[in-house]
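A.B. asks: Okay, here's the prediction I keep looking at, along with the sequence it came from:
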Amino acid sequence: MTTPLAEVASSTSTLRAFLHGLPGVDRVGADARAAMLGTRSIKTTAKKQAIDMAIGMVDLTTLEGADTPGKVRAMCAKAVRPDPSDPTVPRVAAVCVYPDLVATAVEALRGSGVKVASVATSFPSGRSSLDVKVAETRLAVAAGAAEIDMVIDRGAFLAGDYLKVYEEIAATKEACGDSHLKVILETGELATYDNVRRASWLAMIAGADFIKTSTGKVSPAATLPVTLVMLEAVRDFLAATGRKVGVKPAGGIRTTKDAIKYLVLVNETAGPDWLHPDWFRLGASSLLNDLLMQRQKMATGRYAGPDYFTLD
Amino acid sequence: MFEYAPAPESRDIVDIRPSYGLFINGEWVEPQSEERHKTVNPATEEVLAEVAWAGEADVDRAVQAAAKAFPVWSALPGAERAKYLFRIARIIQERSRELAVLETLDNGKPIRESRDVDLPLVAAHFFYYAGWADKLAYAGFGPDPRPLGVAGQVIPWNFPLLMLAWKIAPALACGNTVVLKPAETTPLTALAFADICRQADLPPGVVNIVTGAGATGAALVNHPGVDKVAFTGSTEVGRLIARGLAGTRKKLTLELGGKAANIVFEDAPLDQAVEGIVNGIFFNQGHVCCAGSRLLVQESIADELLEALKRRLGTLRLGDPLDKNTDIGAINSAEQLAKIRELSEAGEAEGAERWSPPCPIPDRGYWFPPTVFTGVAQSHRIAREEIFGPVLSVLTFRTPAEAVEKANNTPYGLSAGVWTEKGSLMLWMASRLRAGVVWSNTFNRFDPASPFGGYKESGYGREGGRHGLEAYLAV
């Protein structure tokens, strides 16, 4: 497979020259733009539409050491039918689990249309050898994962060893085969928006199908301005290469209000073409219940208590 | 598609009277002048209220009231004057939603701007100068700087309440009393401010509000009892005032027009520069004296930047100013709309290329779509004259020296913007641009602590900051 712009990855120096030649990001301006879009008022029919759109974009996630097959099966049931009392609620986009639980999730979701995503490459730190990372990716793909959420080597990235990061992503992409690759930048560790933009382009050049903000294990996780910078990157990458890449903010998105802000950001940055689960996902766990609660409130005019929504 | 449903801010919160008198000596009084005019909502042409146009006798009455209040007000300890200003600032914050809706109704600006920009700045300005009132001895104007007396203040229609704050807050902090004339198309927030003065128990005569048009303003600035004149508005009227005041003892500050250059270098943070261009010229429908109406873009990135700018303009939302998602509101008046149209037609006739995003225009009211002219030459009228509307003229340059030359080649000198990630270039540019404000990687940012004012035909004197005190002190 030939990747667009692959020639810039022919050496560390060409890669560095390219990434450092991207326009800079002014932090104050990016923050102000994201904050302004956060003031958009999404009400009535638009809110209804946004809630269903957001539910359909959720990657329902459990990434705990204490995860069990039972917990994963329960989460899968919820992914397919988020609100047992209301069949009009759309299913979520995917569930996201550790590699050893992929088989359980695949079994539970067979025929449902909900995809199984697995983290891999020594999630969340990414601190292992390339062989181990590739092997882990193969393991998850073999177990049936349709999507792989890999982490980049932030140590190498921050040290300026862009070629190493590129090669890891490219190798993981190859190990994915037909499965989609989401590349987690862990923006909370990249420190600057310039780095977020460079890491986004690096991942896309190396073959990412999606770029994802965070593991959820580092604070800050997803923020609006970081997602703004990534949405600008996928928009510009499409214009430059003709290849469309998706975006997934993950971690820290807990309320319907937050989720809607992200949808507005997509709508007015990358454009409405990205408002589809194929191109935009929300990595979250507790968000789903708030979406369900707000959805029910829109329908009935009343809030039901939290005990009316399942805790899976 | 993701269409935003209408999200109008409720107008129930404002209580507009059918008719207003003048606010003189702490009271609402009936004018002697019988002239009355209607103020309309420019977005719908709906009549909002009828206001008096004060005549010479009315202005005289207001100046007398201010003169009578001056000895007592100026003799108050600064800390006492500060109490009133702090109180006014807090009332403005408490009533900010009401004032924002009122401003949007009368002016046509989007509620998002009156709510998130105008009102917070209005309150901040009063808070800021309240803080100075008891510290004037430390402002660098001598151990005991004295106020001037009665300030006659004439303000424009683009930021009605904010311009009122810029005028009244420093005047009062320094111990002056005030007669203020708001613009004829946007008197309502100034009249609401009169109510706030009463609510704050401000002593009678310290603030007087007389409504009217040019004749009222002329009567005010030429009144012999006025000691200080402050005017914000067009260069044309500013010139008239300066001529009229020449040779008198009156102290004068003028904040007039502009034709600011927004200069984008090839190493600029591109996405933020696009936002800065949009904010520079489409903020408040371009009704901004310091608007970045001339975009100077380095040749090497001109195509890329213009493409990004046009894409961004496609997302601007023009329409009902009270809708919380509106980006571009209505043009303030039929007269202003005619002027914008005339200059835009001149731009086309002179050979510049005109572009606007697809943008439905409401049937009623005064509207003008965001407009970009490319292929503009320095000699075109749209590159030289202040349009005061949502119209951007794009020019290119090759070298920093050429950018400076073009930016300074205007009779105005109010503001400029520079976009580059290179600090040394930024400083090189800032020291050569003849403009009162040079924004670095931003545009149209205001703060009460920062002085604002122009070079050349953009006026003289500074408003805001420590510098802004000087205009209201005998120094």
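C.D. replies: Looks like it arrived, so ask away.

A.B. asks: Enumerate every residue touching the closest residue to chain B within chain A.
C.D. replies: Closest contact between chain A and chain B, by Cβ to the nearest Cβ, is at A:Gly29 (3.1 Å). (Each C-beta comes from the backbone N, C-alpha and C, glycine too.) Neighbour list for A:Gly29: B:Pro269, B:Asp271, B:Gln272, B:Glu275, B:Gly276, B:Asn441, B:Thr442 [criterion: Cβ atoms under 8 Å, 6 or more residues apart in numbering or on different chains].

A.B. asks: cool, A:Leu228 as well?
C.D. replies: Here A:Leu228 is in contact with A:Ala30, A:Arg33, A:Ala34, A:Leu37, A:Leu265, A:Thr269 (Cβ under 8 Å, 6+ apart).

A.B. asks: correct me, but B:Pro204 touches B:Phe23?
C.D. replies: No - assessed by Cβ atoms under 8 Å, B:Pro204 is found out of contact with B:Phe23, at 10.1 Å.

A.B. asks: Between the two, tell me which one has more neighbours.
C.D. replies: B:Phe23 (25 against 17; other Cβ atoms under 10 Å in any protein chain shown).

A.B. asks: For the stretch 151-300 of chain A, which residues are neighbours of chain B?
C.D. replies: A:Glu232, A:Leu263, A:Asn267, A:Glu268, A:Pro272, A:Leu275 (Cβ under 8 Å from any Cβ of the partner chain).

A.B. asks: The third one sits in which helix or strand?
C.D. replies: Think A:Asn267. helix A:256-269 (DSSP states H and E).

A.B. asks: After that helix, which helix or strand is next? Please name it.
C.D. replies: strand A:282-284.

A.B. asks: Let me see the mean pLDDT of the helix holding A:Asn267.
C.D. replies: Computed over helix A:256-269, the mean pLDDT rounds to 98.

A.B. asks: circling back to that earlier point, ok, of the residues of the stretch 151-300 of chain A next to chain B, which come out buried?
C.D. replies: A:Glu232, A:Leu263, A:Asn267, A:Glu268, A:Leu275 (16 or more other Cβ atoms under 10 Å in any protein chain shown).

A.B. asks: quick one: contacts for the first one?
C.D. replies: Contacts for A:Glu232 were tallied using Cβ under 8 Å, 6+ apart; they are A:Arg197, A:Thr269, A:Ala270, B:Asp271.

A.B. asks: which residues touch the one helix or strand the first one maps to?
C.D. replies: Assignment of secondary structure by DSSP H and E places A:Arg197 within helix A:193-205. With Cβ under 8 Å, 6+ apart as the contact definition, helix A:193-205 has outside contacts at A:3-6, A:8-9, A:15, A:18-20, A:22, A:24-25, A:27, A:30, A:152, A:157-158, A:162, A:165-166, A:169, A:183, A:185, A:187, A:190, A:211, A:225-226, A:229-230, A:232-234, A:237, A:243, A:245.

A.B. asks: Buried ones among those residues?
C.D. replies: Among these, the ones that count as buried by 16+ other Cβ under 10 Å are A:3, A:8-9, A:15, A:18-19, A:24-25, A:27, A:30, A:152, A:157, A:162, A:165-166, A:169, A:183, A:185, A:187, A:190, A:211, A:225-226, A:229-230, A:232-234, A:237, A:245.

A.B. asks: quick one: which of those sit in helices?
C.D. replies: A:15, A:18-19, A:27, A:30, A:157, A:162, A:165-166, A:169, A:187, A:190, A:225-226, A:229-230, A:232-234, A:237 (DSSP state H).

A.B. asks: A:Met36 belongs to a helix?
C.D. replies: Yes - counting by DSSP: H, G, I helix; E, B strand; the rest coil, A:Met36 is located in a helix.

A.B. asks: And for it, the neighbour number?
C.D. replies: Count around A:Met36 with other Cβ under 10 Å applied: 15.

A.B. asks: Report the contact partners of it.
C.D. replies: Neighbour list for A:Met36: empty [criterion: Cβ under 8 Å, 6+ apart].

A.B. asks: Chain A contacts on the stretch 301-450 of chain B?
C.D. replies: Residues of the stretch 301-450 of chain B lying near chain A (Cβ under 8 Å from any Cβ): B:Thr315, B:Lys324, B:Asn325, B:Glu421, B:Asn441, B:Thr442.

A.B. asks: how close does the last one sit to B:Ile168?
C.D. replies: Think B:Thr442. 27 Å (Cβ to Cβ, to the nearest Å).

A.B. asks: which one of those two has more residues nearby?
C.D. replies: The residue with more neighbours, out of B:Thr442 and B:Ile168, is B:Ile168; 28 against 19, by other Cβ under 10 Å.

A.B. asks: after the helix or strand that one falls within comes which helix or strand?
C.D. replies: Using DSSP H and E, B:Ile168 falls within helix B:160-174. Following helix B:160-174 in sequence order, the next helix or strand is strand B:177-181 (DSSP H and E).

A.B. asks: Give me the most central residue, chain B.
C.D. replies: When Cα atoms, centre = their mean is applied to chain B, the residue found nearest the centroid is B:Phe159 (4.2 Å).

A.B. asks: Phi, psi for that one please.
C.D. replies: phi -130, psi 70 (degrees, to the nearest 10).

A.B. asks: So the closest residue to chain A within the stretch 151-300 of chain B, which state does it fall into?
C.D. replies: Residue nearest to chain A within the stretch 151-300 of chain B (Cβ to the nearest Cβ): B:Gln272, separated by 3.1 Å. At B:Gln272, secondary structure determined by three-state DSSP is helix.

A.B. asks: Quick check: the residue lying closest to it once chain neighbours are set aside vs B:Thr420, distance?
C.D. replies: Leaving aside its sequence neighbours, B:Gln272 sits nearest to A:Gly29 (Cβ to Cβ, 6 or more residues apart in numbering or on different chains; 3.1 Å). Per Cβ to Cβ, A:Gly29 is found 13 Å from B:Thr420.

A.B. asks: now B:Ala192
C.D. replies: From B:Ala192 to B:Thr420 the distance is 43 Å (Cβ to Cβ).

A.B. asks: what does B:His223 give?
C.D. replies: B:His223 is 48 Å from B:Thr420, by Cβ to Cβ.

A.B. asks: And for B:His37?
C.D. replies: 48 Å.

A.B. asks: between the two, which one's more packed in?
C.D. replies: Legend: neighbour count by other Cβ under 10 Å for B:His37 and B:Thr420, higher for B:Thr420 (23 against 16).

A.B. asks: Isn't the more buried one up against B:Gln272?
C.D. replies: No - contact criterion Cβ under 8 Å: B:Thr420 and B:Gln272 do not qualify, at 11.5 Å.

A.B. asks: Quick check: neighbours shared by those two?
C.D. replies: B:Asn441.

A.B. asks: biggest helix in chain B, by residue count?
C.D. replies: Per DSSP H, chain B has its longest helix at helix B:56-75.

A.B. asks: what does that helix rub up against?
C.D. replies: Contacts for helix B:56-75 (Cβ under 8 Å, 6+ apart): B:22, B:24-25, B:29, B:31-33, B:52, B:54, B:81, B:146-147, B:149-150, B:152, B:172, B:175-179, B:203-206, B:208, B:210, B:216, B:219-220, B:223, B:225-226.

A.B. asks: Mind checking what secondary structure B:Leu395 has?
C.D. replies: strand.

A.B. asks: Tell me the spacing between it and A:Tyr308.
C.D. replies: Counting by Cβ to Cβ - B:Leu395 and A:Tyr308 are separated by 62 Å.

A.B. asks: repeat for B:Ala435
C.D. replies: 61 Å.

A.B. asks: out of those two, which sits in the more crowded spot?
C.D. replies: Taking neighbours as other Cβ under 10 Å, B:Ala435 and A:Tyr308 compare with B:Ala435 leading, 24 against 13.

A.B. asks: contacting residues around residue 181?
C.D. replies: By default, I'm working from chain A. Contacts of A:Leu181 (Cβ under 8 Å, 6+ apart): A:Glu147, A:Ile148, A:Met150, A:Ile169, A:Thr172, A:Lys173, A:Gly207, A:Ala208, A:Asp209, A:Phe210.

A.B. asks: The intended chain is chain B.
C.D. replies: Residues near B:Lys181 by Cβ under 8 Å, 6+ apart: B:Ala54, B:Gly152, B:Gln153, B:Val154, B:Ile155, B:Ile209, B:Val210, B:Thr211, B:Gly212, B:Thr216, B:Gly217, B:Leu220.
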